[in-house]
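>>> Test case, fold it:
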Amino acid sequence: MADSAADQLSNLDISELNCPNLQKNLQILSPNHVELAKVLIRNGQSHLFDNWPEPGVDDDEKRAFFDQVARLNASYPGGLVQYIKNARELLADSKAGKNPFDGFTPSVPTGENLTFADENFIKYEEAGVKEAKNAAFVLVAGGLGERLGYNGIKVALPSETSSGTCFLQLYIESILALQEASCKLSEGEPQKEIPFAIMTSDDTHARTLELLESNAYFGMKPSQVILLKQEKVACLADNDARLAVDPQNKYRIQTKPHGHGDVHSLLYSSGLLNKWHDSGVKWVLFFQDTNGLLFKAIPASLGVSAIRQYQVNSLAVPRKAKEAIGGIAKLTHADGRTMVINVEYNQLDPLLQATINPEGDVNSENGFSPFPGNINQLILELESYIEELQKTGGAIKEFVNPKYKDATKTSFKSSTRLECMMQDYPKTLPPTARVGFTVMDIWLAYAPVKNNPEDAAKVPKGNPYHSATSGEMAIYRAHSLILRKAGVQIDDPIMLVFNGQEVEVWPRIVWKPKWALTFSDVKRKIKENCSISQKSTMVLKGKNILIEELSLDGALVVDSIDDAEVKVEGSVQNSGWILENVDYKDTSIPEEIRIRGFKINKVEQLEGNFHEPGKYSMKP
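The predicted model follows:
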């Protein structure tokens, strides 16, 4: 082995090598290791070997170093050479203070603004359900819940505590409900399974798999679910893009996450996209880990993509000017190039000031910015997506965000790395690409859970908390407002404070996705003359539950199998379920409850369980 390693190194000019510690260790390395060593040294990384001792000391660790280098090289489009090249360019731009939007003028792109429950919305919902059998879903779930004050993976958190359904269960049950409804609309055609890919990370992979396996995949076939693990990228120690040595281990390069933009290169390199294409998939829908309202918006958005033939459709919500959420804009360069992309809020305001409006980002007469708010949910047409990735290898335009020690910008406070975002995919598309957006009411589509109680309590009044508290309350509000639109009399909410956050508390109404996917489903299953009081809770866990002339003042839980048809009617009155404050600092309470600031005391309820096929009437 020593000879072959030496031979491998012989075509490196020894004077260029100037790396005595590596030369001393040549005999312990394989030819592949030597090739990687050449790559590193030719790209200015000889410092990685500065503290390597003589052969015979830590040889396994030295070989493990090259195993790590091999992984970093294989997992990045273009390998480490490309990573270092990109890093040098981006770090030089950052040091020079270069504006990435120089020469671009923003304008409002074309898109579809939907109003919940009107004819147009219903038309798009129906088209989307029909199209869903030709879709695949991709969940980006590489993060832990530490920022939330929760030590588990975020997808294991309950989306709400009335039914206790965790985010991953909610997503899978929503996809299965879409699959069933879509296949039903195309009877006579072969039944299709909607594939579901989950991008995990070192932090979440094993726990995501365990959550799926211990819950029988929440009803989905294991063969439908594909886990793709994202690798980290090398950290950068300085403006020359010298790779950072791990402070805990001199035989390791320090690494950090690269961002959710990696989902594109993973889907491409895994061969999954071509497999989906061959099986008839037309659309790929991307979503993130803790938005309990997302699937209320998906049918209509997919309908917009199908009818308007968008190759890229970004889901969006109305956005207040200067709100801390990216805006979707069309950018036109002085040289004629155009792109429709998300512009981060801290870049949009100065860009507008410098180009089309000295006041920057301001609300129009409807009280919202003309630039809709990006919520990081994308629908891509698969064929054009594959064509684009064949050109780029799945690489997404990156950025770097070094924290400099001082104004000279010569050194960093700590190592940095290149990052990429899933929603920056359209940056490389040709101007001919059909890129649009779909705007939904915020109460229907967007309630992310990302802030811990202390941070949420500091949010200025009137701005969204984006906490476990507000995320749960948003689900109840959405269900209440949907039922109101369907003609149910729903009491107004009251204001309560949990974990220092003042929130609207609506009746706690929850239903399984298979009970109602669309507004038309709700209208079909709720008849006239129904009313629900503010203190009430209603949990519907069955497909064929019909609500007729129900007056609810208390708690009602209906759980039925698909072959049981249950009619619920009459006046239900009981003490119900009561929300009780808890202190998020009280460690005797489980984290997932503590971070909400309340627990549910199930004092009294009317409960119906129907586990045999048949027709049933449920009256108090």
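
>>> residue contacts, residue 570?
549, 550, 551, 619, 620 (Cβ atoms under 8 Å, 6 or more residues apart in numbering). Every residue, glycine included, has its C-beta placed from N, CA and C.

>>> So which of the residues you listed sit within strands?
549, 550, 551 (DSSP state E).

>>> For these, which single residue is the most surrounded?
residue 550 (24 neighbours; other Cβ atoms under 10 Å).

>>> Turn the contacts of residue 570 into TSV, including distance to residue 183 and pLDDT.
Shown next, in TSV, are those (distance: Cβ to Cβ, whole Å; pLDDT from 0 to 100):
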residue	distance to residue 183	pLDDT
549	33	96
550	31	98
551	37	98
619	34	91
620	37	84
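
>>> out of those residues, which one sits closest to residue 271?
Ranked by distance to residue 271 (Cβ to Cβ), the contacts of residue 570 are led by residue 550 at 51.3 Å.

>>> what bridges to the closest one?
Bridge pairing for residue 550 (DSSP bridges) gives the partners residue 570.

>>> Provide a list of residues in contact with it.
Taking Cβ under 8 Å, 6+ apart as the test, what residue 550 contacts is 530, 531, 532, 568, 569, 570, 571, 572.

>>> likewise residue 356?
Counted by Cβ under 8 Å, 6+ apart, residue 356 has contacts 105, 106, 107.

>>> a markdown table please, covering those residues and showing neighbour count, distance to residue 222 and pLDDT.
Converted to a markdown table, these look like this (neighbours: other Cβ atoms under 10 Å; distance: Cβ to Cβ, whole Å; pLDDT from 0 to 100):
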| residue | neighbour count | distance to residue 222 | pLDDT |
| --- | --- | --- | --- |
| 105 | 17 | 50 | 95 |
| 106 | 22 | 46 | 96 |
| 107 | 14 | 47 | 95 |
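
>>> where along the stretch 301-450 of the chain do the strands fall?
When secondary structure is read from DSSP state E, counting those that start in this stretch, the stretch 301-450 of the chain shows strands at 312-317, 327-333, 338-343, 373-381, 398-400, 418-420, 435-439.

>>> Of all the ones you listed, which one comes closest to residue 79?
Of those, nearest to residue 79 by Cβ to Cβ is strand 418-420, at 13.6 Å.

>>> Can you list the strands that the closest one pairs with?
strand 398-400 (antiparallel).

>>> rewinding a little: so for residue 281, which of the strands of the stretch 301-450 of the chain sits nearest?
That would be, of the strands of the stretch 301-450 of the chain and by Cβ to Cβ, strand 373-381, which comes in at 10.4 Å.

>>> Nearest to residue 97 among the ones in strands among the contacts of residue 570?
residue 550 (62.9 Å).

>>> returning to what we had before: pick the most buried one from the strands of the stretch 301-450 of the chain.
strand 312-317 (a mean of 26; mean count of other Cβ atoms under 10 Å).

>>> tell me how far that strand is from the chain's mean position?
Centre-to-centre, strand 312-317 and its host chain are 13 Å apart (Cα atoms, centre = their mean, to the nearest Å).

>>> now for it, which elements pack on it?
Strand 312-317 is packed against helix 294-308, strand 373-381, strand 435-439, helix 442-445, with contacts defined by 3 or more Cβ pairs under 8 Å, 6 or more residues apart in numbering; DSSP states H and E.

>>> what is the orientation angle of that strand with helix 294-308?
140 degrees (axes from the mean of the first three to the mean of the last three Cα atoms, to 10 degrees).

>>> Could you check the angle strand 312-317 makes with strand 338-343?
Angle between the axes of strand 312-317 and strand 338-343 is 40 degrees (criterion: the same axes, to 10 degrees).

>>> in the stretch 451-600 of the chain, what spans have low per-residue confidence?
In the prediction, the stretch 451-600 of the chain carries no residues with pLDDT under 70.

>>> scratch that, the chain
1-17.

>>> Domain map for it?
Here the domain parsing of the chain from the TED database is 5-75, 112-320+376-446, 465-618.

>>> would you list these in JSON lines and tack on distance to residue 81?
Formatted as JSON lines, these follow (distance: least, Cβ to Cβ, whole Å):
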{"stretch": "domain 5-75", "distance to residue 81": "6"}
{"stretch": "domain 112-320+376-446", "distance to residue 81": "11"}
{"stretch": "domain 465-618", "distance to residue 81": "40"}
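
>>> quick one on the thing from earlier: which of the contacts of residue 550 sits closest to residue 541?
Taking those together and measuring to residue 541 by Cβ to Cβ, the closest member is residue 568, at 12.4 Å.

>>> separation between the spatially closest residue to that closest one that is not a sequence neighbour and residue 565?
Counting by Cβ to Cβ, 6 or more residues apart in numbering, residue 568 lies nearest to residue 618, which is 4.7 Å off, once chain neighbours are set aside. To residue 565, residue 618 is 11 Å away according to Cβ to Cβ, to the nearest Å.

>>> Which of the domains of the chain sits closest to residue 83?
Nearest of the domains of the chain (Cβ to Cβ): domain 112-320+376-446, 6.6 Å.

>>> could you redo the contacts of residue 570 as a markdown table and give each row distance to residue 161?
Below are the contacts of residue 570 laid out as a markdown table (distance: Cβ to Cβ, whole Å):
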| residue | distance to residue 161 |
| --- | --- |
| 549 | 29 |
| 550 | 23 |
| 551 | 25 |
| 619 | 28 |
| 620 | 25 |
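
>>> Pairing partners for the residue nearest in space to the middle of the chain in the sheet, please.
The chain has residue 288 as the residue nearest its centroid, 1.4 Å off, counting by Cα atoms, centre = their mean. Beta-bridge partners for residue 288, by DSSP bridges, are residue 140.

>>> which ones are touching it?
139, 140, 141, 260, 376, 377, 448.

>>> can you map out the strands along the stretch 451-600 of the chain?
Using DSSP E, counting those that start in this stretch, the strands assigned to the stretch 451-600 of the chain run over residues 489-490, 494-498, 501-505, 508-511, 531-532, 537-541, 545-553, 555-560, 564-573, 577-581, 598-602.

>>> got CSV for those strands, with distance to residue 122 too?
Formatted as CSV, those follow (distance: least, Cβ to Cβ, whole Å):
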stretch, distance to residue 122
strand 489-490, 21
strand 494-498, 31
strand 501-505, 26
strand 508-511, 19
strand 531-532, 23
strand 537-541, 21
strand 545-553, 20
strand 555-560, 26
strand 564-573, 25
strand 577-581, 33
strand 598-602, 34
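
>>> Nearest to residue 255, out of those strands?
By Cβ to Cβ (comparing all of the strands of the stretch 451-600 of the chain), the closest turns out to be strand 501-505, at 35.7 Å.

>>> Strand partners (parallel or antiparallel) of the closest one?
Sheet partners by DSSP bridges: for strand 501-505, these are strand 494-498 (antiparallel).

>>> before we move on, back to that, closest one of the contacts of residue 288 to residue 440?
Set against residue 440, the nearest of the contacts of residue 288 by Cβ to Cβ is residue 377 (9.9 Å).

>>> mind listing what the closest one touches?
285, 286, 287, 288, 291, 294, 297, 298, 301, 314, 315.

>>> From the contacts of residue 550, list just the buried residues.
For the contacts of residue 550, a burial check counting by 16 or more other Cβ atoms under 10 Å picks out 530, 532, 568, 569, 572.

>>> farthest-separated two in these?
Spatial extent of those (Cβ to Cβ) is set by the pair 532 and 569 at 13.6 Å.

>>> ok so, going back, quick one: the residue nearest to the centre of the chain from residue 538, how far?
Taking Cβ to Cβ as the measure, residue 288 falls 28 Å from residue 538.

>>> Repeat that for residue 70.
Distance, residue 70 to residue 538, by Cβ to Cβ: 56 Å.

>>> residue boundaries of the strands in the stretch 51-200 of the chain?
104-107, 112-113, 135-140, 196-200.
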